[in-house]
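Trainee: let's see this in three dimensions:
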Amino acid sequence: MTDEISDGKTPAEGRGSPVADEPPSAGQAGEALGAPLPAEQGGGPAIGPAPGSRTAVYAVTRPGLKIAGIIAAGLSGDLYAPERLAPSSPPGTFFYKAFLDLIATTFHRYKGHVAVAATGLMVRAVAPHLVDKKTDPAVVSLGQDGRFAVSLLSGHLGGGNDLARAVAELTGGTAVVNTATDIESKPSLEVLARDCHLAIEDFARLPPVSRVLSEGGKVPLYDPDNFLAPRLVEWRRYFPPIAESSAFDPNAPGHPRTPSLYVDYRLRPFPREALVMRPPALSLGVGCHRDLELQDLTGLIDKVLLDNLLSPLSLALISTAEIRASEPALQELARRFSRPLVIQSMEALAAVQTPNPSDKVYEKIGVFSVCEAAARLAARMGPLLVPKQKNSKATCSLALMNY
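Mentor: As a prediction, the model looks like this:
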């Protein structure tokens, strides 16, 4: 038997409504900046809460302030208004001096932005701060009459189209959405991937596939484990299935020679034009010595994944015993993979039958297995794909998630 490794200022802080003369640093969200306005004028700090947690709503004119207040209330968002409108602003409003300076500070601190302002103004305001479609927040603009809510940025991944629809519902107006797949009533693959927790391996492969769909074409689909196919029932005529016999053989009849979609947790010889999505299919169980280094874990895990042709993007979680919950290297491992660290009780581990129990581990910590048992428990007792593998400091095992 192999041996398991064992021991040897926020808005809530005040309503003085400071005005920001200079944008704060990223770590200063919620701090009071500049000289406060008189308390009787209401309002709050000039900068809102933590990054990505809420929606910011901006008014730039007196007529636009009323509708901006309605939107902010309806979205449970933060309302921003010019300093000169402080006397007529509702309680809780955050005030600013210069709109472009404000956007430079708030842009990456919110998941969405709604401006009751001219589209051109909002475009100029956000343009210098764009980084990547995968991370930029949603941006919507509308006139002060509330008739048209225009989705300007991050319509799909950032939720801009949905935000425009929500704003239009609050104002009684119309959402203006012009992403091609929405216009053609076709699915947005990046939104489906997000909603199904699928990792897109290479975003450069996404536009050709989306272009085929928007032009009414078909995208062959390989999804043997049905991670995505159930969400495509409404559009199944656009996603003809790829047979297993032709999925990876370029000489086989039916092998896709146009943009295609593959959903798989394994490392395979995918076609050159395939968009590959990685499902959260794998539970990683880990056992280890105390006080090990991160590289003791990553060296083993990276090798095990590669040797077994499994994608690291398909790791759903990392699981270990409660006696290792505070181990710094395990916490760093979870951060490295951006996956949750799931802690299993010793009683739960002891109840799981595993193929490689260890008497030595039982003598030391009272259970026969850590990594194999932890992997299966976190996988909801899914099957073990990779039995216990080890180096001098750690063990790991992989189980298939049982959804």
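Trainee: where exactly do the helices run in this protein?
Mentor: 62-75, 99-106, 119-126, 160-171, 180-183, 189-195, 206-214, 244-247, 294-307, 328-337, 346-350, 359-365, 371-378 (DSSP state H).
Trainee: would you turn those helices into CSV with distance to residue 140 and mean pLDDT?
Mentor: Placement of C-beta: from N, CA and C, glycine included. Output for these, formatted as CSV (distance: least, C-beta to C-beta, whole Å; pLDDT from 0 to 100):
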stretch, distance to residue 140, mean pLDDT
helix 62-75, 9, 93
helix 99-106, 14, 93
helix 119-126, 9, 90
helix 160-171, 5, 89
helix 180-183, 14, 52
helix 189-195, 16, 84
helix 206-214, 21, 89
helix 244-247, 41, 95
helix 294-307, 41, 96
helix 328-337, 33, 94
helix 346-350, 47, 94
helix 359-365, 55, 86
helix 371-378, 39, 96
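Trainee: quick one, which of those helices is nearest to residue 89?
Mentor: Among these, helix 62-75 comes nearest to residue 89, with 6.6 Å by C-beta to C-beta.
Trainee: okay, the helices of the chain, which one's buried deepest?
Mentor: Per residue and on average, the most neighbours among the helices of the chain fall to helix 371-378, with a mean of 28 (mean count of other C-beta atoms under 10 Å).
Trainee: pull the distance from it to the chain's centre.
Mentor: 25 Å (C-alpha atoms, centre = their mean, to the nearest Å).
Trainee: and residue 80, what does it touch?
Mentor: 56, 57, 58, 59, 93, 94, 95, 96, 102, 106 (C-beta atoms under 8 Å, 6 or more residues apart in numbering).
Trainee: format the helices of the chain as a markdown table; extra columns: distance to residue 316.
Mentor: Shown next, in a markdown table, are the helices of the chain (distance: least, C-beta to C-beta, whole Å):
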| stretch | distance to residue 316 |
| --- | --- |
| helix 62-75 | 31 |
| helix 99-106 | 34 |
| helix 119-126 | 34 |
| helix 160-171 | 26 |
| helix 180-183 | 28 |
| helix 189-195 | 15 |
| helix 206-214 | 22 |
| helix 244-247 | 23 |
| helix 294-307 | 13 |
| helix 328-337 | 10 |
| helix 346-350 | 18 |
| helix 359-365 | 25 |
| helix 371-378 | 8 |
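Trainee: which of those sits closest to residue 151?
Mentor: Among the helices of the chain, the nearest to residue 151 by C-beta to C-beta is helix 160-171 (4.0 Å).
Trainee: and the contacts of the closest one?
Mentor: In contact with helix 160-171 (C-beta under 8 Å, 6+ apart) are residues 55, 67, 70-71, 74-75, 112, 114, 138-140, 142, 146-155, 173-177, 179, 182.
Trainee: hmm, which of those residues are the buried ones?
Mentor: Among the contacts of helix 160-171, those scoring as buried are 55, 67, 70-71, 75, 112, 114, 138-140, 142, 146, 148-155, 173, 175-177, 179, 182 (criterion: 16 or more other C-beta atoms under 10 Å).
Trainee: in strands, which of those fall?
Mentor: Taking DSSP state E as the definition of strands, these contribute 55, 112, 114, 138-140, 142, 148-153, 175-176.
Trainee: distance between the ends of stretch 342-360?
Mentor: Its start and end residues considered, stretch 342-360 measures 24 Å (C-alpha to C-alpha, to the nearest Å).
Trainee: can you check stretch 228-244 too?
Mentor: Termini of stretch 228-244 sit 16 Å apart (C-alpha to C-alpha).
Trainee: how about that stretch: buried residues?
Mentor: Buried-residue list, stretch 228-244, by 16+ other C-beta under 10 Å: 228, 229, 232, 238, 239, 242.
Trainee: now do the same end-to-end measure for stretch 329-344.
Mentor: End residues of stretch 329-344 are separated by 17 Å (C-alpha to C-alpha).
Trainee: so what touches that stretch?
Mentor: Identification of contacts with stretch 329-344 by C-beta under 8 Å, 6+ apart yields 284, 286, 288, 292-294, 296-298, 301, 312, 315-322, 324-325, 373-374, 377-378.
Trainee: repeat the analysis, applying 6 Å as the threshold.
Mentor: Stretch 329-344 is contacted by residues 292, 294, 297, 315, 317-322, 324-325, 374, 377-378 when judged by C-beta atoms under 6 Å, 6 or more residues apart in numbering.
Trainee: nearest spatial neighbour of residue 263, skipping sequence neighbours?
Mentor: Sequence neighbours aside, residue 223 is the residue nearest to residue 263 in space, at 4.1 Å (criterion: C-beta to C-beta, 6 or more residues apart in numbering).
Trainee: re earlier: nearest to residue 271, of the helices of the chain?
Mentor: That would be, of the helices of the chain and by C-beta to C-beta, helix 244-247, which comes in at 8.5 Å.
Trainee: tell me the gap between the closest one and the middle of its chain.
Mentor: The answer for helix 244-247 is 32 Å, by C-alpha atoms, centre = their mean.
Trainee: same check on stretch 209-219?
Mentor: 25 Å.
Trainee: again, but for stretch 392-403
Mentor: Distance of stretch 392-403 from its chain centroid, counting by C-alpha atoms, centre = their mean, is 24 Å.
Trainee: can you give me the end-to-end span of stretch 264-275?
Mentor: 11 Å.
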